[in-house]
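In: prediction below, plus the sequence it came from.
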Amino acid sequence: MNSNFWKEISNQIDSAIKEKKLKGREVAKKAWIAVTYVSEIRRGNRVPSLEKLNDICNAIWIEIHELFTKIYLKQLKESQWNNYEK
């Protein structure tokens, strides 16, 4: 998968954490991972395994398939807009 996909994963996770007014340490504790790891993922500096991504999604109360669907629809919309502009 390309880096734009993983950057969007990071953006969506960060947005969900902020939207739900959670702290990184709360997410880390619920997902059984280090606070620094959550921070690195949120900044787009680390790519989590699918298992850890699922743990993070559970910690922030979203289904992993919702995360992927949201990203797919956003990229599809951008792709269609780019094709329209040409």
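Out: Alright, I've got the coordinates.
In: which residues are in contact with the helix-or-strand element of the chain with minimal mean pLDDT?
Out: Sorting the helices and strands of the chain by mean pLDDT, DSSP states H and E puts helix 64-85 at the bottom, at a mean of 82. By Cβ atoms under 8 Å, 6 or more residues apart in numbering, the surrounding residues in contact with helix 64-85 are 4-5, 8-9, 12-13, 53-54, 57. Any C-beta I mention is one placed from the backbone N, CA and C, and that applies to glycine too.
In: max pairwise distance over those: which two?
Out: Asn4 and Asn54 (21.2 Å; Cβ to Cβ).
In: between these two, which has more neighbouring residues?
Out: Taking neighbours as other Cβ atoms under 10 Å, Asn4 and Asn54 compare with Asn54 leading, 15 against 11.
In: where does pLDDT dip in this structure?
Out: For the chain, the stretches with pLDDT under 70 are 1-2, 81-86.
In: residue boundaries of the helices in it?
Out: 3-19, 24-31, 35-43, 50-59, 64-85 (DSSP state H).
In: touching, Ser39 and Lys23? I think so.
Out: No. Assessed by Cβ atoms under 8 Å, Ser39 is found out of contact with Lys23, at 10.9 Å.
In: okay, these two: which has more neighbours?
Out: Ser39 (16 against 11).
In: so the more buried one versus Ile13, what's the distance?
Out: 11 Å (Cβ to Cβ, to the nearest Å).
In: repeat that for Ile71.
Out: 11 Å.
In: neighbour-wise, which of those two wins?
Out: More neighbours surround Ile13 than the other of Ile71 and Ile13, with 23 against 17 (other Cβ under 10 Å).
In: pretty sure the more buried one contacts Ala59?
Out: No. Applying Cβ under 8 Å as the test, Ile13 and Ala59 come out as separate, 9.9 Å apart.
In: burial count for Arg43?
Out: 11.
In: what does Ala59 give?
Out: 21.
In: not counting sequence-adjacent ones, nearest residue to Ile33?
Out: Lys52 (6.2 Å; Cβ to Cβ, 6 or more residues apart in numbering).
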